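Enquirer: I need the structure of the sequence given here:
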Amino acid sequence: MKVGSARSHQCDKYSLFLCYNQPCRSPNEKETKFMRTPMYLRSLGAAIAVLFVTASLGGCSILDKIIPGGTDSAKSKAPSKGNFPSSGGNSSSPAPSSAAARGPSTVAPEAMAPPINIPELPAELVVAPSGGAWTYQPQVPTWCDREFKAYRESDGENERSLKTALGDLSKVARFACTWPNNENQQKWTAAALQSLVNTMGISQAQIHNYMRAKLNWGDFVETETCPFEVSQMDLPSEKARNLVKAAVYCNKRIGDFKTALWNSDRTPTLNPSVAVGLMYLGLKINGASAKESIKKGEVPVSWITGHQEAVAHYAFFRKDIEDLNEESVFSDAAQYDLKDIHMGLAIEKFFQVKKYIALLQTTFAEMAQGQPGLEDVFNTAPLAAHQSWVEEYTANKDVLDQALAMEVLAERGDAAALANCQTEQSQAWQNYAATHDPKSKEDILEIAATPVGYVLLTGLFHCETFHGQGQAGEIAGLLGKAALQRGPRTAAQQASVRAIGIARKTNRRFPLTPKLIFGASRQAQAVYDMGVAYSGDGGWWEGHGGTVKRVTDDGDYKVVEFKRETIRVPKFRCTETNRIDGINPDGTIRYRLNCVQNGMETIDVTAPTAHIRAVRAAGIRPGAYVYATTSDSRMDETAPNYAHSMQVFQNPSQDRLLAAFGVPIAR
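Expert: From the prediction side, this is the model:
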């Protein structure tokens, strides 16, 4: 092409580099030797051209003067970052005018690069909706809401570059915004986004926000400031919420996810953003197995039976899964100061959670067909337990909130607020237990395993631990024998484990095992409550039984002196019944024993004088027989020997139980 001759399109200050890469020539003109010129020489030529243009030497025509054969011989390569190489065909976008091209820098995306020839989408790359997904139609992209300059793409043919971009949504977003009105480009974009819809289930309402985030994904994911800061002075529940929100919106790593999860299980409902984050991490959707399942669109039954902890994870969130919905999550997100990238991360997590849960439910439904008991494990039992916990919480909200506050106060070391907590928390536990009219030690254990009883004893444990007194050990032992009822989610999980135990009692071929489920969930779902759920048996605590000689008052304590005596105690022969008594720490089911007295034995008991808190000294009086735990590890022998009343009988014959674990027994 000669200077001044007709051109196929105009050149401007944005497209000088493009003139060099996509020369001002007809698409039908032949390639010349310059197209085979080494890249470094062509780059040098481009640099010289830029220099001349800067000196107002005349736009694209300067290349006709410097390079033999003019710009017609330049090789058609990729424009600046984002554009595809030219390979023939017609563009659906009109060429920008010279006036527009030489105007202000803020121009429409289509005016920033001359129209190029984008190939048709091959038939084999067309993606159809699957799995009930909605259809993404080729259309002008809605996420191009800023000035977008073309960027340089690697060497190669158009189709190869387009195919590569299909697997990179950041490229898809940028390519789409470079040529938003090109019909062929819209079809390539539609293929990528239909695949996204099929795989992740993203909604029409959120695909715009997601692709807008993807447009800037690589630039800002590491640099944007996260709007959720966590202070060490935050309450545990607030700290947990902010940690999880930072994980959802900013991809921040939670160093101690178990604690965050545990501290979140306090209330019947969760903040929507927190629910997404907890399920994303708790269901291990960030793991390789879940990602592979989402990609393939299924969770095999064999995987569930080989990874039974997935059932426990699912049961933990069973009610939250029912409450999960797009509107509440993104309404919650709207109130935060979020950048596009933050929203993109949240959208990605929400739809991955939703998709994975749907896949799990499909597999669980398949497993439950023809297998009695599995529907109870997956759905009925955890939902009922969650609801029961909520009802109990609502009816006893004041005392439960006070018990839960013990954790916060103990962590802060608030001595003034905890000064009288031993008496207050003991009284709250006593009052609640009395409403159940317990008639045996086993009844007390059952009360400890109720939602209210468990939380009240947990609060008492933290109070005792703060004051450094040994009753905490026995409370922990009592809680260790009880089904975990920390919150509605742990209660739901326990109910699922219990349902498995019941099913296996009559069907040894039942596909799930409570020990496997419980063991995995105990570790994964952080059921350890700052040391509460360990067994209080053993250690330096010793149990003593004796006949009470004298009881005197010492402030908040009863000082109990025991007779030095030899006593005869009954022996029992016990057989296991079908009634479930609880769940052991290792996940095995414990059944109630039917015990029959089988003779008597003589023992010599010398019980040390014990200080027992007055509120827990029910039934203790001269002549009564008391089993108590005491400590012989005092550094100072003159210091009080604090003890915990375990069982109180009317007399040494032990024929009538007056109290157990400090709780009076109903007559």
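Enquirer: Show me the helices in the stretch 451-600 of the chain, by range?
Expert: Counting by DSSP state H, counting those that start in this stretch, the stretch 451-600 of the chain has helices at residues 451-467, 471-480, 488-506, 514-524.
Enquirer: try the stretch 301-450 of the chain
Expert: Under DSSP H, counting those that start in this stretch, the stretch 301-450 of the chain gives helices at 301-306, 309-316, 318-323, 326-333, 340-368, 374-375, 381-395, 397-412, 421-434, 441-448.
Enquirer: for the last one, packing partners?
Expert: Which is helix 441-448. helix 421-434, helix 451-467, helix 471-480, strand 565-583, strand 657-660 (3 or more Cβ pairs under 8 Å, 6 or more residues apart in numbering; DSSP states H and E). The way it works is simple: take the backbone N, C-alpha and C, and place the C-beta from them, glycine included.
Enquirer: worst average pLDDT in those?
Expert: Per-stretch averages of pLDDT across the helices and strands packed on helix 441-448 put helix 471-480 at the bottom, with a mean of 71.
Enquirer: can you state the direction angle for that one and helix 421-434?
Expert: Helix 471-480 and helix 421-434 are oriented at 30 degrees to each other (axes from the mean of the first three to the mean of the last three Cα atoms, to 10 degrees).
Enquirer: Please save the CA atoms from helix 471-480 in PDB.
Expert: Output of helix 471-480 as PDB, limited to C-alpha atoms (Å, rounded to 0.1, in the frame of the first residue of the first chain):
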ATOM      1  CA  GLN A 471     -15.100 -29.300  90.800                       C
ATOM      2  CA  ALA A 472     -14.300 -28.400  87.200                       C
ATOM      3  CA  GLY A 473     -12.800 -31.900  86.700                       C
ATOM      4  CA  GLU A 474     -15.900 -33.700  87.800                       C
ATOM      5  CA  ILE A 475     -18.200 -31.400  85.800                       C
ATOM      6  CA  ALA A 476     -16.100 -32.200  82.800                       C
ATOM      7  CA  GLY A 477     -16.400 -35.900  83.500                       C
ATOM      8  CA  LEU A 478     -20.200 -35.500  83.700                       C
ATOM      9  CA  LEU A 479     -20.300 -33.600  80.400                       C
ATOM     10  CA  GLY A 480     -17.900 -36.200  78.800                       C
END
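Enquirer: A503 against V377, yeah?
Expert: Yes - with contact defined as Cβ atoms under 8 Å, A503 counts as touching V377 (7.1 Å).
Enquirer: joint contacts of these two?
Expert: L512 (Cβ atoms under 8 Å, 6 or more residues apart in numbering).
Enquirer: When these two are compared, which one has more neighbours?
Expert: V377 (29 against 20; other Cβ atoms under 10 Å).
Enquirer: I figured the more buried one hits P514, correct?
Expert: No - in this structure, V377 is not within contact of P514 by Cβ under 8 Å, at 9.7 Å.
Enquirer: Could you tell me which residues touch both of the two?
Expert: With Cβ under 8 Å, 6+ apart as the test, V377 and P514 both reach I500.
Enquirer: Backbone dihedrals for M646, please?
Expert: Dihedral pair for M646: phi -100, psi -50, per degrees, to the nearest 10.
Enquirer: ditto for the one 10 residues further on
Expert: Per-residue torsions, R656: phi -150, psi 120 (degrees, to the nearest 10).
Enquirer: Skipping adjacent residues, who's closest to it in space?
Expert: Q650 (4.2 Å; Cβ to Cβ, 6 or more residues apart in numbering).
Enquirer: burial count for the one you found?
Expert: 15.
Enquirer: quick one, what contacts it?
Expert: G619, A624, Y625, R656, L657, L658.
Enquirer: do the same with K214
Expert: K214 neighbours (Cβ under 8 Å, 6+ apart): L169, S170, V172, A173, G344.
Enquirer: Which of the residues you listed fall in helices?
Expert: Using DSSP state H, L169, S170, V172, A173, G344 are the members of these that sit in helices.
Enquirer: Now for these: which two are most distant?
Expert: V172 and G344 (13.3 Å; Cβ to Cβ).
Enquirer: on that earlier part again, among the contacts of Q650, which one is most surrounded by other residues?
Expert: In those, the most neighbours by other Cβ under 10 Å go to Y625, 24 neighbours.
Enquirer: quick one: the residue nearest to that residue when sequence neighbours are not counted from A247, how far?
Expert: Nearest residue to Y625 in three dimensions, chain neighbours excluded: F649, at 4.3 Å (Cβ to Cβ, 6+ apart). F649 is 54 Å from A247, where distance means Cβ to Cβ, to the nearest Å.
Enquirer: Settle it for me: which of the two has more neighbours?
Expert: A247 (26 against 21).
Enquirer: so which helix or strand takes in that one?
Expert: helix 236-250 (DSSP states H and E).
Enquirer: which residue is nearest the middle of this structure?
Expert: Against the mean C-alpha coordinate of the chain, by Cα atoms, centre = their mean, the closest residue is L278 at 2.2 Å.
Enquirer: in the sheet, who's paired with the residue lying closest to F562 once chain neighbours are set aside?
Expert: Among residues not flanking F562 along the chain, G546 sits closest, at 3.4 Å (Cβ to Cβ, 6+ apart). As for beta bridges, G546 partners with V626 under DSSP bridges.
Enquirer: Next: the one 4 residues further on.
Expert: Beta-bridge partners for R550, by DSSP bridges, are E561.
Enquirer: any idea how far F562 is from it?
Expert: From R550 across to F562, the span is 9 Å (Cβ to Cβ).
Enquirer: Equivalent analysis for G459, please.
Expert: Taken as Cβ to Cβ, the span from G459 to F562 is 31 Å.
Enquirer: which of the two has more neighbours?
Expert: Between G459 and F562, counting by other Cβ under 10 Å, G459 is the more crowded of the two (27 against 21).
Enquirer: Low-confidence bits of the stretch 551-667 of the chain, can you list those?
Expert: Confidence mapping of the stretch 551-667 of the chain against pLDDT under 70 gives the ranges 567, 605, 630-637.
Enquirer: where exactly do the strands run in it?
Expert: 557-562, 565-583, 589-605, 610-613, 625-631, 642-649, 657-660, 663-664 (DSSP state E, counting those that start in this stretch).
Enquirer: can you redo the helices of the stretch 451-600 of the chain as JSON lines with distance to T199?
Expert: Listed next are the helices of the stretch 451-600 of the chain as JSON lines, based on distance: least, Cβ to Cβ, whole Å:
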{"stretch": "helix 451-467", "distance to T199": "40"}
{"stretch": "helix 471-480", "distance to T199": "44"}
{"stretch": "helix 488-506", "distance to T199": "29"}
{"stretch": "helix 514-524", "distance to T199": "26"}
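Enquirer: So for H644, which of the ones you listed sits nearest?
Expert: helix 471-480 (4.3 Å).
Enquirer: tell me what that closest one is packed against?
Expert: So helix 471-480, by 3+ Cβ pairs under 8 Å, 6+ apart, packs with helix 441-448, helix 451-467, strand 642-649.
Enquirer: mind running it again at 10 Å?
Expert: Using 3 or more Cβ pairs under 10 Å, 6 or more residues apart in numbering; DSSP states H and E, the elements in contact with helix 471-480 are helix 421-434, helix 441-448, helix 451-467, strand 541-554, strand 625-631, strand 642-649.
Enquirer: The first one versus helix 441-448: what angle between them?
Expert: In other words, helix 421-434. 110 degrees.
Enquirer: picking that back up, the contacts of Q650 into a markdown table, with extra columns for distance to I207?
Expert: Below are the contacts of Q650 laid out as a markdown table (distance: Cβ to Cβ, whole Å):
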| residue | distance to I207 |
| --- | --- |
| G619 | 68 |
| A624 | 73 |
| Y625 | 73 |
| R656 | 72 |
| L657 | 67 |
| L658 | 69 |
